[in-house]
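Engineer: below: sequence and its predicted model.
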Amino acid sequence: DTAVSQTPKYLVTQMGNDKSIKCEQNLGHDTMYWYKQDSKKFLKIMFSYNNKELIINETVPNRFSPKSPDKAHLNLHINSLELGDSAVYFCASSPQQEIFINTEAFFGQGTRLTVV
Amino acid sequence: GIQVEQSPPDLILQEGANSTLRCNFSDSVNNLQWFHQNPWGQLINLFYIPSGTKQNGRLSATTVATERYSLLYISSSQTTDSGVYFCAVTGGNKLVFGAGTILRVKS
């Protein structure tokens, strides 16, 4: 059973398009996150949600809009895609509200977004 | 914010060799994790180790929280150990990652 699953795994799209990445976790966790991994492999948090509420928005452009319909899902919608958005996007989850305090985070398999 | 430094940045090993990866962090933490990103890009949880020592097969990890460092030991390395190893710690409600150690194990 996949704990944190993302779809799609690969996404190639043209500049200016709008796209979404979906994430679901079946671990019963309260908190979910989006991380971005750049071309140098550096991982940085973008957003975190706890029980459908936005907790962290890490100075991400407004073109990125997370949506959490329930605590098991956190989707990422990106408007007007730019070349610089090309990266690998990871979804993650952890058990409790105090983010990462004494808890272990689990990551999805990543979505490789290529903007051409 | 908290800083996480990993060393070495790159490491090439012959199959069967042992290695030690280091993670230094700039502030006290209550969460530290080691991940392996395999060549397919998956982030695999290796250890959740805010303090103490844990072992899992050929891998073990030690965190000395008072001295703000953690070590990941890989013994009898195999080609499947290749990839990037990340250390990550809590900092301001975020899991902050180091830049990683790229490990290549040659057969």
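Structural biologist: Thanks, I have the structure now.
Engineer: and stretch A:5-16 with chain B, contact?
Structural biologist: No - judged by CB under 8 Å from any CB of the partner chain, stretch A:5-16 makes no contact with chain B; its nearest approach is 8.9 Å. (Each C-beta comes from the backbone N, C-alpha and C, glycine too.)
Engineer: distance from the chain centre to that stretch, please.
Structural biologist: Stretch A:5-16 sits 12 Å away from the centroid of its parent chain (CA atoms, centre = their mean, to the nearest Å).
Engineer: would you indicate which residues of that stretch are buried?
Structural biologist: Residues of stretch A:5-16 classed as buried: A:6, A:11, A:13 (neighbour count, 16 or more other CB atoms under 10 Å in any protein chain shown).
Engineer: closest one of those to A:Pro95?
Structural biologist: Minimum separation from A:Pro95 among the buried residues of stretch A:5-16 (CB to CB) is found for A:Gln6, which lies at 19.2 Å.
Engineer: name the single longest strand found in chain B.
Structural biologist: strand B:83-91 (DSSP state E).
Engineer: so after that strand, what's the next helix or strand?
Structural biologist: The helix or strand immediately downstream of strand B:83-91 is strand B:94-97, counting by DSSP states H and E.
Engineer: quick one: list the elements packing against that next one.
Structural biologist: strand A:43-50, strand B:83-91 (3 or more CB pairs under 8 Å, 6 or more residues apart in numbering or on different chains; DSSP states H and E).
Engineer: one more pass at 6 Å, please.
Structural biologist: With contacts taken as 3 or more CB pairs under 6 Å, 6 or more residues apart in numbering or on different chains; DSSP states H and E, strand B:94-97 sits against strand B:83-91.
Engineer: report pLDDT for residue 102.
Structural biologist: Just going to use chain A. We note a pLDDT of 60 for A:Asn102 in this prediction.
Engineer: let's do chain B instead
Structural biologist: B:Ile102 is assigned a pLDDT of 97 by the prediction.
Engineer: contacting residues around it?
Structural biologist: Remark: with contacts taken as CB atoms under 6 Å, 6 or more residues apart in numbering or on different chains, B:Ile102 is in contact with B:10, B:84.
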